[in-house]
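J.: Turn this into a model:
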Amino acid sequence: KLTGTMTMVFEPEDLAAASPATVSRCGMIFMEPEALGVGVLCQSWVERLPETFKPFGEQFQQLFDTYMQPALTFLRRNLIETALTVDNNLVNSFLKIIDCQMANYAARGTDEEEEAGVKKKAPKDTVTPMFMFALVWSVGASCDMASRGKFDTWLREKALEAG
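T.: Residues are numbered from 1 along each chain as shown. Presented below is the predicted three-dimensional model:
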């Protein structure tokens, strides 16, 4: 029996066996991940960029438009994943990696770095490298070893094509 301070949370994989009454009583809204798409995740993320990187929101959006959907399409059609993923989760992982890089960028340098005269790059010089790093370690890292080489080749060709 549950006490007054206990709660129970159900996370169904899908609602295939749920009746409409069950869904309405629980206040659930279910959307297939494919119906949402990945573009809205990036748009939402760009809107909440840290102040240091807000001026580069358009650049992030352009990189996202150029690389993300083609990378996901290439992954689904040509590569073998070690564990099955969905596009929205890969994009979410991608955005979290960039968030971590931005947090590192915003963090104060160590005393050793300051004494050695280590200077941080300007934010504008970090946008594309951050993006590519996150793309490789989210979408590219979900594959087996043989597929990682294919992803590397594809990404290099795509980067040359994009300029």
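J.: For this structure, which segments count as helices?
T.: Listed in chain order, the helices of the chain (DSSP state H) span 20-26, 33-36, 39-47, 57-78, 87-106, 111-116, 127-138, 145-162.
J.: Give the rounded mean pLDDT of stretch 128-146.
T.: The average pLDDT within stretch 128-146 is 96.
J.: what does that stretch contact?
T.: Here stretch 128-146 makes contact (Cβ atoms under 8 Å, 6 or more residues apart in numbering) with 59-60, 63-64, 67-68, 71-72, 75, 79-83, 85, 90-91, 93-95, 97-98, 101-102, 148, 150-152, 155, 159. C-beta coordinates here come from the backbone N, C-alpha and C atoms, glycine included.
J.: Give me the ChimeraX select line for those residues, limited to the buried ones.
T.: A single ChimeraX command is used to select the members of those judged buried by 16 or more other Cβ atoms under 10 Å:
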select :60,63,64,67,68,71,72,75,79,85,90,91,93,94,95,97,98,101,102,150,151,155
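J.: could the helices of the chain go into a markdown table alongside distance to residue 5?
T.: Below are the helices of the chain laid out as a markdown table (distance: least, Cβ to Cβ, whole Å):
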| stretch | distance to residue 5 |
| --- | --- |
| helix 20-26 | 21 |
| helix 33-36 | 33 |
| helix 39-47 | 34 |
| helix 57-78 | 43 |
| helix 87-106 | 31 |
| helix 111-116 | 46 |
| helix 127-138 | 38 |
| helix 145-162 | 47 |
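J.: show me what contacts the spatially most central residue of the chain?
T.: In the chain, the residue lying closest to the centroid (Cα atoms, centre = their mean) is residue 94, at 2.4 Å. Counting by Cβ under 8 Å, 6+ apart, residue 94 makes contact with 68, 134, 135, 138, 139.
J.: pLDDT wise, what is it at?
T.: 97.
J.: How about the one 3 residues further on?
T.: pLDDT, the model's per-residue confidence, is 97 for residue 97.
J.: which intervals of the chain have sub-threshold pLDDT?
T.: 10-13, 15, 26-31, 33, 108-118 (pLDDT under 70).
J.: Between the helices of the chain, which one is closest to residue 4.
T.: helix 20-26 (20.0 Å; Cβ to Cβ).
J.: Any idea how far that closest one is from the middle of the chain?
T.: Here helix 20-26 is found 32 Å from its chain centre; the criterion is Cα atoms, centre = their mean, to the nearest Å.
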